[in-house]
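Participant: Give me a model of this one.
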Amino acid sequence: MNLFYIIDKLHQHAGMERILSSKMNYLSRLPGWRVSLATYEQKSRPLPFSLNAEVQHYPLEVPIATREGFSFLPWVMAYRKSRKGLAQRLRRLLEELQPDVVVVTVYSFSVLDVIISESRRTGARVVLESHTESSTVLMARKYSYNRPLRLLMQYWDRHLLQSVRRLSLVVCLTAEDTRFWQPYLRDVRVIPNMVSTLRHSEVDYTSQDSRVDYTSQRVIAVGRYSHEKGYDLLMEAWARVAPQCPGWQLHLYGDGDRCPVEAQARSLGVADSVHAHEAVKDIASVYASGSLCVVSSRYEGFSLVLAEAMSCGLPAVAFDCPYGPRHILQDGENGYLVPLGDTEALAQRMVTLMHDSVLRERMGKSAEESIRRRFSVEEVMTQWERVFNELKSQPT
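Facilitator: Modelled structure (predicted):
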């Protein structure tokens, strides 16, 4: 089996990057399997997670022009030029590697048609992985402030979506997400993310020191400092929580600009109990330091953070956002789901757990067992092996 992954960039210490790296490492260890990776906007930045020596990385370095910094017509010309440059470099690499299957993610939506066309030239089957709530990748969404440009981008989105018909398969993380792709392709399947925190972390979870201490007064939140992660909503909820739970501390970890979160914490009078950290590579040790996880996202493709935290034994409180949390967390058994955007309900459920260490331990152990059973590396990667072997056996 000869697999070729292509993505715009891998540079953040975040869930998608960790999962994709883990999958490539796993598959590259299988006898007779060859795995390659191409990035085209890496810009010489180091990969955030180590890849096996068997995984060959090809940095194509063809950044796709975005609207920022251009007036309209110069942007169109730059966009066309960068797409053409990617096509040329990708064509040469694919002709050299001759992969059986090419895997592309939705983060390459703006050049999806290019990748599909060049891959099919070599006879490769092409798989699209959806790692986020799919409608968010549409280019028109980014130009709501400009009606003529939004209408033009809607036309271009339709063109890109029509190229989906030439795919061999779309793989989504949840059943809800399949609805976005089914009008364009018949074969749309669900394979959830695997949760590898326990197995591959350097933390020794058999030792007493690395087990969750359910008397700890630390709440953990993990994710990019970006709008979709809802940290502004979490700050509103924490302003209700902090007076009821003196001594408790909220620790956030992620890439991006922490200043808005810190400023909001100050304006709400809770800065002393809010700690915004950079992303860390060994996220398992972060989870082990807390006794409760909170997920305040406005939308998710799967919510890997939620699954990983639970796999480490943390009970969780999460917004019931599209699409992942309701498939991971059983409300009242290993944590609580609350209506999306309801910061009062989020605060109330956090307080319930923060006031009861016995409840935290019971729900945390239930969470760990549930994730181990449903999202293990072996369970998920067996599904991927089956899919790739099936595609390879299909006639071109």
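
Participant: roughly how far apart are the nearest residue to Y107 once chain neighbours are set aside and H159?
Facilitator: Closest residue to Y107 apart from its sequence neighbours, by CB to CB, 6 or more residues apart in numbering: D8 at 5.2 Å. Bear in mind the C-beta positions are built from the backbone N, C-alpha and C, glycine included. For D8, the distance to H159 equals 19 Å [CB to CB, to the nearest Å].

Participant: Could you do H131 as well?
Facilitator: Distance, H131 to H159, by CB to CB: 22 Å.

Participant: for E41, same thing?
Facilitator: For E41, the distance to H159 - CB to CB - is 21 Å.

Participant: so where is the stretch 251-396 of the chain shaky, pLDDT-wise?
Facilitator: 396 (pLDDT under 70).

Participant: ok, which stretches of it are strands?
Facilitator: With DSSP state E, counting those that start in this stretch, the ranges of strands along the stretch 251-396 of the chain come out as 274-277, 292-295, 316-319, 335-338.

Participant: And the third one, how far out from the chain middle?
Facilitator: Here strand 316-319 is found 17 Å from its chain centre; the criterion is CA atoms, centre = their mean, to the nearest Å.

Participant: tell me what it is packed against?
Facilitator: Counting contacts by 3 or more CB pairs under 8 Å, 6 or more residues apart in numbering; DSSP states H and E, strand 316-319 is packed against strand 292-295, helix 304-311, strand 335-338, helix 343-354.

Participant: got the contact list for that strand?
Facilitator: 230, 233, 292-298, 303, 306, 309-310, 325, 329, 334-342, 346, 349-350, 353, 367 (CB atoms under 8 Å, 6 or more residues apart in numbering).

Participant: Could the C-alpha coordinates of it be exported in CSV?
Facilitator: C-alpha atoms of strand 316-319 as CSV (Å, rounded to 0.1, in the frame of the first residue of the first chain):
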residue,chain,number,x,y,z
ALA,A,316,-16.3,17.1,31.5
VAL,A,317,-18.8,19.8,31.0
ALA,A,318,-19.4,20.8,27.4
PHE,A,319,-21.7,22.8,25.1
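
Participant: ok so, going back, between H131 and H159, tell me which one has more neighbours.
Facilitator: Taking other CB atoms under 10 Å, H131 and H159 do not tie; H131 has more neighbours (23 against 10).

Participant: Check whether the more buried one really touches S108, as I assumed.
Facilitator: No: H131 lies out of contact with S108 (CB atoms under 8 Å); the separation is 10.9 Å.
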